[in-house]
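>>> Quick check, what structure comes out for this input:
(chains A, B, C and D)
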Number of protein chains: 2
Amino acid sequence: MSIEEKQKPQRNDRVTIRTVATHAGVSVAAVSKVMRNAYGVSDALRARVTDAIETLAYRPSRAARGLRGRSFTIGVLLIDIRNPFLPEVIAGVNEVLGPSHYQAMIGVSDARVQLETSLIESMIDYKMDGLILVAPRLPSEILATFAVQIPIVAVGYHDASATAFDTVNAEDQRGAEIAVEALLACGYRDIEMLSLGERQGHAVSVVRQREIGFRRAMQRGGLGSSPTISKIPIASPKREEVMRKFLSRKDRPRAVFCWSDLDAITLLSLAMEMGVRVPEDLAVIGYDNSSTAALGLVNLASIDQSGRELGQVATRALISRIEGRTASEHIFQIPSLVSRNSLTRFGNSTDR
Amino acid sequence: MSIEEKQKPQRNDRVTIRTVATHAGVSVAAVSKVMRNAYGVSDALRARVTDAIETLAYRPSRAARGLRGRSFTIGVLLIDIRNPFLPEVIAGVNEVLGPSHYQAMIGVSDARVQLETSLIESMIDYKMDGLILVAPRLPSEILATFAVQIPIVAVGYHDASATAFDTVNAEDQRGAEIAVEALLACGYRDIEMLSLGERQGHAVSVVRQREIGFRRAMQRGGLGSSPTISKIPIASPKREEVMRKFLSRKDRPRAVFCWSDLDAITLLSLAMEMGVRVPEDLAVIGYDNSSTAALGLVNLASIDQSGRELGQVATRALISRIEGRTASEHIFQIPSLVSRNSLTRFGNSTDR
DNA sequence: CGACGAATGTAGAACGTTCTCCATATAACG
DNA sequence: CGTTATATGGAGAACGTTCTACATTCGTCG
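Okay, the predicted model is just below:
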């Protein structure tokens, strides 16, 4: 007590590569070699090191790895976490990543350009190995500057001319066309689109693409060169109000194609409350084929773009790029219609 | 061309703390001091450094930071990304984190203990500053061992005796009681609970807590000491089948309390398809008050536990722990009933 | 038997921070 | 004017990896 007999003060001994090396009686470099299974390692050495790693339950520090080489982490950026379409994409990413030694870390930008930028920068600063950006808001030039620092795959971002990064998309123009064609086939002629009023809508966004497809299909169907597209404000308390107004319009159209299930379902709900019968008074087709749309209660016809598949494809593309590919790839999936009661009573023709 | 006149080969000059130091004509240590606003920095020095940082658009490397000190990142672990309750929690976290210099990185464990462990370890290996675990599956002892390595706040994890980490919960027992009380108040006596059959249900899980509350309230209401609790299998294709069977039972109860809106909404949907009228034949109360429950089409009475608030509170707790608090805190929120048509026709009495 | 190449292992310099000492300059005080 | 306290800035050692460049040992072949 009187004499300070300090033990070496309780250091929370982290097992590092050095611990492993000592334990196995080899050099640090040797351990590193085994871990990276690099050239020039004998079976004996490998066995000893592997044993040591096992017994010590050694885990390499991601931070240190990032500082020097790869971190075996890929970053995923989501605009929004509330839209049920996005979780599907994540599920797809995780499925592909699962068996590999990569792991996903997710950032949520809440559709704010500022936050989006800083999250991407953070991911770069973490020395992540690659990025999957889902429906990013940043312009293509900016993405390109990021892409020289880190492999990037953009999902839901229509810029097939990009050379610096890859893109993975469902053909949103085609999806919208399919919707219009389905409505036409049911005999509806008086069709409008309910779209999203983005702050700074850029042509690459899925929403704008769907608008383009809508216009083209309407034109092709002989319904005028500039069909009506109403916009629902983004992230505003007035969203419902806008939809109510739409529903109570005297010249309300006979059918509507909505940019996303997210809003289409609300629309259906409001329609019910206001006594607008679906599909008798108003036919509705949504987009995304979310699980809620499939509920018997909701029964919303929708354009299906498998988020899971998009996630899977994007992840494979990213990995191949991480592993050396430099030429950019632009991959497309074909969406399809899932017919349900909101299109035509007892319309489960192509449901799956 | 003939003579190899190599420039210094195109090094992708990252702006490091050293670049800043040189540019400002000071030492590396000085820059670091300014960044951490540590003691012993004159206004003049600070100004010069700040300027340099600005002009060079310097961003410190998170990887390097993690290696030595703090990384200003907190990790969030979600069991599942499809349950719409979880995104709410994330939203709450982001709201609190927004103005601070911290950032959130999210991992998704898909309810697999294996993956959960490895994600937590990764986050530790990244030297993140703290972790928010939402409804983790790991037992308390294991969490405790992690908690000595990194500050942890568990959300939706009932272990108020934990000393190594904090917990933030809605009082799930109370929530279940409220549900039962509401059903009793409507005159229903024949009540069952639809719960979740977890692989290895541990008492700390919100689901088990709700079961406890359910039993107590039923008992208190004089409805026997062991009321019926049916279980829906987790992550199984048979989930719908089980619900269908429940709905077609001859001795089907008059009212049901369902562990989560996620399943309650499916139940409502199946009921409609099978011609079981809600609430005339079957009253239903869900849990979470998800946005889908609020839809006019669905109109599901539900116990509200604000995921956003839980996220906010958890984040504040985590930050205070990061900043030095060592005594553990266990915070509770009080849930409340949101009455809707599934409980009693035109039942919007306490809706808000 | 000497030389050479292949195979195997190691030393040690990065990577970009943080942070603990020190060194110096300036102020305060008797 | 000498001494001591206080403010300010810098040197340099970590942190835990990766990876290049080298050293050593063998086998093989002329």
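
>>> in chain A, which spans are strands?
Along chain A, counting by DSSP state E, strands occupy A:73-78, A:103-108, A:130-134, A:152-155, A:166-170, A:191-197, A:229-233, A:255-258, A:283-287, A:301-304, A:330-333, A:336-338.

>>> Ok, which of these comes nearest residue B:151?
strand A:103-108 (18.5 Å; C-beta to C-beta). Every residue, glycine included, has its C-beta placed from N, CA and C.

>>> any idea of the angle the closest one forms with strand A:130-134?
40 degrees (axes from the mean of the first three to the mean of the last three C-alpha atoms, to 10 degrees).

>>> In TSV, list the strands of chain A along with mean pLDDT and mean neighbour count.
TSV is the format used below for the strands of chain A (pLDDT from 0 to 100; neighbours: other C-beta atoms under 10 Å in any protein chain shown):
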stretch	mean pLDDT	mean neighbour count
strand A:73-78	96	26
strand A:103-108	94	24
strand A:130-134	97	26
strand A:152-155	98	28
strand A:166-170	97	26
strand A:191-197	94	21
strand A:229-233	92	17
strand A:255-258	97	28
strand A:283-287	97	28
strand A:301-304	97	28
strand A:330-333	97	16
strand A:336-338	96	20
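
>>> could you dump those strands to a markdown table with distance to DNA strand D?
Shown next, in a markdown table, are the strands of chain A (distance: least, C-beta to the nearest atom of the strand, whole Å):
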| stretch | distance to DNA strand D |
| --- | --- |
| strand A:73-78 | 13 |
| strand A:103-108 | 15 |
| strand A:130-134 | 15 |
| strand A:152-155 | 20 |
| strand A:166-170 | 23 |
| strand A:191-197 | 44 |
| strand A:229-233 | 48 |
| strand A:255-258 | 49 |
| strand A:283-287 | 43 |
| strand A:301-304 | 42 |
| strand A:330-333 | 29 |
| strand A:336-338 | 44 |
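
>>> can you list these in TSV and add distance to residue B:317?
Conversion of the strands of chain A to TSV gives the following (distance: least, C-beta to C-beta, whole Å):
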stretch	distance to residue B:317
strand A:73-78	25
strand A:103-108	20
strand A:130-134	30
strand A:152-155	35
strand A:166-170	39
strand A:191-197	36
strand A:229-233	35
strand A:255-258	40
strand A:283-287	39
strand A:301-304	41
strand A:330-333	43
strand A:336-338	44
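
>>> Just give me the neighbour total for residue A:296.
Using other C-beta atoms under 10 Å in any protein chain shown, residue A:296 is surrounded by 15 other residues.

>>> residue contacts, it?
B:269, B:270, B:272, B:273 (C-beta atoms under 8 Å, 6 or more residues apart in numbering or on different chains).

>>> Return a PyMOL selection command for the buried portion of those residues.
Buried residues among the contacts of residue A:296 (16 or more other C-beta atoms under 10 Å in any protein chain shown), as a PyMOL selection:
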select buried, chain B and resi 269+270
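
>>> List the ones among the contacts of residue A:296 that fall in helices.
Secondary structure from DSSP state H places B:269, B:270, B:272, B:273 of the contacts of residue A:296 in helices.

>>> can I assume the third one is in contact with residue A:297?
It refers to residue B:272. Yes: using C-beta atoms under 8 Å, residue B:272 is in contact with residue A:297, at 5.7 Å.

>>> And the average pLDDT for stretch A:41-58 is what?
Averaging pLDDT along stretch A:41-58 yields 94.

>>> Can you give me the buried ones in that stretch?
Buried residues in stretch A:41-58, counted by 16+ other C-beta under 10 Å: A:45, A:48, A:49, A:52, A:53, A:58.

>>> okay, now residue A:13: neighbour count?
Number of residues near residue A:13 (other C-beta under 10 Å) recorded here: 7.

>>> Leaving aside the residues adjacent along the chain, what's closest to it?
residue A:19 (7.7 Å; C-beta to C-beta, 6 or more residues apart in numbering or on different chains).

>>> pretty sure that neighbour contacts residue A:58?
Yes: with contact defined as C-beta under 8 Å, residue A:19 counts as touching residue A:58 (7.1 Å).

>>> shared neighbours, these two?
In contact with both residue A:19 and residue A:58: no residue, using C-beta under 8 Å, 6+ apart.

>>> Can you check the pLDDT for the closest residue to DNA strand C within the stretch 251-352 of chain A?
As assessed by C-beta to the nearest atom of the strand, DNA strand C sits closest to residue A:322 within the stretch 251-352 of chain A, at 19.2 Å. Per-residue confidence for residue A:322 comes out at a pLDDT of 92.

>>> can you check residue A:352 too?
40.

>>> again, but for residue A:114
89.

>>> any idea how far it is from DNA strand D?
30 Å (C-beta to the nearest atom of the strand, to the nearest Å).

>>> Confirm for me that residue A:295 is in contact with residue B:265.
Yes: counting by C-beta under 8 Å, residue A:295 touches residue B:265, with 6.7 Å between them.

>>> of those two, who's got more company?
Using other C-beta under 10 Å as the criterion, residue A:295 and residue B:265 rank with residue B:265 on top: 27 against 22.

>>> residues in contact with the more buried one?
Residue B:265 touches A:292, A:295, A:297, B:286, B:290, B:292, B:293, B:298, B:300, counting by C-beta under 8 Å, 6+ apart.

>>> how does it look with 10 Å?
A:291-292, A:295, A:297-298, B:84, B:258, B:284, B:286, B:290, B:292-293, B:295, B:298, B:300, B:302, B:342 (C-beta atoms under 10 Å, 6 or more residues apart in numbering or on different chains).

>>> Which members of those occur in helices, if any?
Those of the contacts of residue B:265 lying in helices (DSSP H): A:291, A:292, B:292, B:293.

>>> Turn those residues into CSV, columns for pLDDT.
Shown next, in CSV, are the ones in helices among the contacts of residue B:265 (pLDDT from 0 to 100):
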residue, pLDDT
A:291, 89
A:292, 91
B:292, 91
B:293, 94
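
>>> Quick one: buried ones out of the residues you listed?
A:291, A:292, B:292, B:293.

>>> thought the second one was touching residue A:340?
Same thing as residue A:292. No: using C-beta atoms under 10 Å, residue A:292 makes no contact with residue A:340, being 11.8 Å away.

>>> just the helices in the stretch 51-200 of chain A please.
A:62-68, A:85-97, A:113-125, A:140-147, A:172-185 (DSSP state H, counting those that start in this stretch).

>>> Residue A:128 and residue B:286, how far apart?
38 Å (C-beta to C-beta, to the nearest Å).

>>> Then residue A:228?
In terms of C-beta to C-beta, residue A:228 sits 38 Å off from residue B:286.

>>> repeat for residue A:223
43 Å.

>>> do residue A:263 as well
23 Å.

>>> Then residue A:343?
Taken as C-beta to C-beta, the span from residue A:343 to residue B:286 is 29 Å.

>>> now residue A:205
Distance from residue A:205 to residue B:286, by C-beta to C-beta: 35 Å.

>>> Now distance to residue A:107 too, for the contacts of residue A:296, in a markdown table please.
As requested, those are exported to a markdown table (distance: C-beta to C-beta, whole Å):
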| residue | distance to residue A:107 |
| --- | --- |
| B:269 | 34 |
| B:270 | 37 |
| B:272 | 39 |
| B:273 | 40 |
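
>>> restrict the contacts of residue A:296 to those near chain A?
Restricting the contacts of residue A:296 to those within reach of chain A (C-beta under 10 Å from any C-beta of the partner chain) leaves B:269, B:270, B:272, B:273.

>>> mind listing what the residue lying closest to residue A:312 once chain neighbours are set aside touches?
Using C-beta to C-beta, 6+ apart and skipping the chain neighbours, the partner closest in space to residue A:312 is residue A:92 (4.2 Å). Taking C-beta under 10 Å, 6+ apart as the contact definition, residue A:92 lies against A:155, A:306, A:307, A:308, A:309, A:310, A:311, A:312, A:313, A:314, A:315.

>>> Is the last one in contact with residue A:102, as I believe?
Yes: in this structure, residue A:315 sits in contact with residue A:102. The criterion is C-beta under 10 Å, and the distance is 8.5 Å.

>>> More neighbours: those two, which one.
residue A:315 (27 against 21).

>>> Tell me which residues touch that one, please.
A:74, A:76, A:89, A:92-97, A:100, A:102, A:104, A:130, A:132, A:153, A:155, A:168.
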